[in-house]
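Student: Can you look at this prediction? I've put the sequence above it.
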Amino acid sequence: MKRRTGRRGYTDVHARSGVQAKLPAIETWANQYKGYEITIEIPEYTAICPKTGLPDFGTIRLRYMPDQDCLELKSLKLYIHAYRNLGIFYENAVNRILQDVVASCRPVWAVVTGEFTARGGLSSRIEAKYP
């Protein structure tokens with residue numbers, strides 16, 4: 001496999017870290033209404049940088065329009081807490097959360113935004129959308 005330049009020690013193993021990890025299921029309940037939005041803010045997101053092993057902190061904001069099912073909040077909380085000891089990059093975490101939310105409740109649309117605390121003077125905001 002040809003190695004791309006500019007990676008400074010980052011491997012494909014680092015890049016894939018956490019993407020296929022087994023996480024708790026996000027449960028749902030039957031939606032009774034149509035045409036409204038739900039916003040859930042999770043200010044205590046933590047994970048581990050797969051390269052450095054240092055903790056990452058941030059806020060995850062999930063906005064979605066439910067179709068037939070809504071996300072059950074306790075199971076969502078347990079799902080998010082499972083990231084605490086998981087080695088995963090910000091970008092992968094936000095996209096993985098969106099993927100798992102969509103698989104759980106099949107919303108009309110969904111947006112997951114991660115706002116991560118500054119490290120080394122840089123902060124990141126990652127957003128993934130469905131469809």
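Tutor: Great, that's in hand.
Student: alpha carbons only for contacts and neighbour counts from here, please
Tutor: OK.
Student: Just confirm residue 39 contacts residue 63, I think it does.
Tutor: Yes - between residue 39 and residue 63 there is a contact under CA atoms under 8 Å: 4.4 Å.
Student: Neighbour count for these two, which is higher?
Tutor: residue 63 (17 against 13; other CA atoms under 10 Å).
Student: And the more buried one, which helix or strand is it part of?
Tutor: strand 55-65 (DSSP states H and E).
Student: again with residue 113
Tutor: strand 109-119.
Student: quick one: low-confidence ranges for the chain?
Tutor: 1-7 (pLDDT under 70).
Student: Helices along the protein, start to end?
Tutor: Ranges of helices within the chain are 12-16, 73-81, 90-105, based on DSSP state H.
Student: Highest mean neighbour count out of the ones you listed?
Tutor: helix 90-105 (a mean of 19; mean count of other CA atoms under 10 Å).
Student: which residues touch stretch 91-107?
Tutor: By CA atoms under 8 Å, 6 or more residues apart in numbering, the surrounding residues in contact with stretch 91-107 are 18-19, 25-28, 60, 64-71, 110-114, 126-130.
Student: Tell me what residue 110 is bridged to.
Tutor: For residue 110, the beta-bridge partners under DSSP bridges are residue 64, residue 130.
Student: That one against residue 64, yeah?
Tutor: Yes - Residue 110 lies in contact with residue 64 (CA under 8 Å); the separation is 4.1 Å.
Student: Show me what residue 56 bridges to in the sheet.
Tutor: Beta-bridge partners, per DSSP bridges, of residue 56: residue 47.
Student: Now for it, how many residues are close by?
Tutor: 19.
Student: Who are the contact partners of residue 17?
Tutor: Contacts of residue 17 (CA under 8 Å, 6+ apart): 50, 87, 88, 89.
Student: residues contacting the residue nearest to the last one when sequence neighbours are not counted?
Tutor: Nearest residue to residue 89 in three dimensions, chain neighbours excluded: residue 49, at 6.0 Å (CA to CA, 6 or more residues apart in numbering). Applying CA under 8 Å, 6+ apart, one finds that residue 49 lies in contact with 55, 56, 87, 88, 89.
Student: just residue 34 next, same as before
Tutor: 66, 67.
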